[in-house]
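[1] the following block contains a protein sequence and its predicted model.
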Amino acid sequence: MADPYLSSEDELMQKVLHKKRVRLEECLDLSTSSIRSHLMQEDILTSLVDESVMLQPLRRHKTEALIKHLLPRPARDIQYFFDILKKEYRFLYDEIEKDIANARRKIADERNARAEGQARAEAEARAEAEARAERIEANVDHTNHLESVTYDFYGLSLGDVTQPQMNQNTGGQESLPNHRQVESPHISLANRSHSENIDHNS
């Protein structure tokens with residue numbers, strides 16, 4: 001887990017130093033170089049730490065101890081250590097500078113990828129929200145239309161049933177259905193016979 005108190009530059013330099021540790025252990029000779037004295041001049045390496053470094057039996061162990069001391073240091077101290085290599089170990093310095101450039105490029109690419117991903121996610125979220133709003137609006141319009149049609153239909157139906165037709169000739173009273181009256185044939189014959197008897201008697 002990354003140290004939350006480290007800056008991105010500190011983390012970058014520490015990763016590069018950790019990556020190059022094996023290469024440095026193979027190439028550096030701290031007994032003959034001026035690396036230690038330069039580090040002590042900048043208070044990056046104390047006399048006590050220097051003594052513990054030089055007590056290591058093998059050359060690579062000395063370098064390993066120095067790197068172990070430098071790894072938790074801030075970026076400026078590690079960068080100073082790299083700069084010291086430029087004079088006596090130029091090939092190592094060039095390799096490290098290339099690694100630093102690659103690390104910075106990787107960080108930039110990751111940052112850009114995250115920004116693009118976030119922008120894409122935000123655009124998709126906006127599009128989804130707009131589509132959802134359009135669907136809701138369409139559903140509301142459809143519901144309002146159905147309610148209007150239903151109201152008109154039932155309004156007309158109720159009007160036909162509850163509003164009786166008024167007869168003007170009866171002073172506003174309800175008129176009964178105008179059914180055609182059909183006379184019974186028996187009644188017709190009786191009426192006709194009665195009329196004939198009256199005529200005969202007269």
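    Nice, I can see it.
[2] C-alpha only now, for contacts and for neighbours.
    Fine.
[3] which residue is nearest the centroid of the protein?
    Central residue of the chain (Cα atoms, centre = their mean): Ala121, 4.8 Å from the mean position.
[4] the helix or strand encompassing that residue - contacts with which helices or strands?
    Using DSSP states H and E, Ala121 sits in helix 90-162. Packing partners of helix 90-162 (3 or more Cα pairs under 8 Å, 6 or more residues apart in numbering; DSSP states H and E): helix 8-19, helix 75-88.
[5] what's in contact with whatever helix or strand comes next after the first one?
    Later in the chain than helix 8-19, the nearest helix or strand by DSSP H and E is helix 21-27. Residues lying outside helix 21-27 but in contact with it, judged by Cα atoms under 8 Å, 6 or more residues apart in numbering, are 59-61, 63-64, 67, 92.
[6] go on, stretch 36-44?
    Residues outside stretch 36-44 that contact it (Cα under 8 Å, 6+ apart): 30, 45-47, 50, 77, 81, 84.
[7] can I have the buried ones of the residues you listed as a ChimeraX selection?
    Only the buried entries of the contacts of stretch 36-44 go into this ChimeraX selection, using 16 or more other Cα atoms under 10 Å:
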select :30,45,50,77,81,84
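[8] restricting to C-alpha, output stretch 21-37 in PDB.
    Extracted C-alpha coordinates of stretch 21-37, given in PDB (Å, rounded to 0.1, in the frame of the first residue of the first chain):
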ATOM      1  CA  ARG A  21      18.500  -1.700  -7.000                       C
ATOM      2  CA  VAL A  22      19.800  -4.900  -8.500                       C
ATOM      3  CA  ARG A  23      21.600  -3.000 -11.300                       C
ATOM      4  CA  LEU A  24      23.100  -0.600  -8.800                       C
ATOM      5  CA  GLU A  25      24.200  -3.500  -6.500                       C
ATOM      6  CA  GLU A  26      26.000  -5.100  -9.500                       C
ATOM      7  CA  CYS A  27      27.800  -1.900 -10.600                       C
ATOM      8  CA  LEU A  28      28.500   0.400  -7.700                       C
ATOM      9  CA  ASP A  29      31.700   0.300  -5.600                       C
ATOM     10  CA  LEU A  30      31.100   2.600  -2.700                       C
ATOM     11  CA  SER A  31      34.600   1.900  -1.300                       C
ATOM     12  CA  THR A  32      36.300   3.800  -4.200                       C
ATOM     13  CA  SER A  33      33.700   6.300  -5.300                       C
ATOM     14  CA  SER A  34      32.900   9.700  -3.900                       C
ATOM     15  CA  ILE A  35      29.100   8.900  -3.700                       C
ATOM     16  CA  ARG A  36      29.200   8.600   0.100                       C
ATOM     17  CA  SER A  37      31.000  11.800   0.700                       C
END
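[9] tell me the two of the contacts of helix 21-27 that are most distant?
    Longest distance between any two of these is 18.2 Å, between His61 and Leu92; criterion Cα to Cα.
[10] tell me how many other residues crowd the residue nearest to Gln79 when sequence neighbours are not counted.
    Spatial nearest neighbour of Gln79, excluding adjacent residues (Cα to Cα, 6 or more residues apart in numbering): Met13 at 7.2 Å. Burial of Met13 is recorded as 25 neighbouring residues (other Cα atoms under 10 Å).
[11] please apply the same query to Gln14.
    Each residue near Gln14 was counted by other Cα under 10 Å, and the total is 21.
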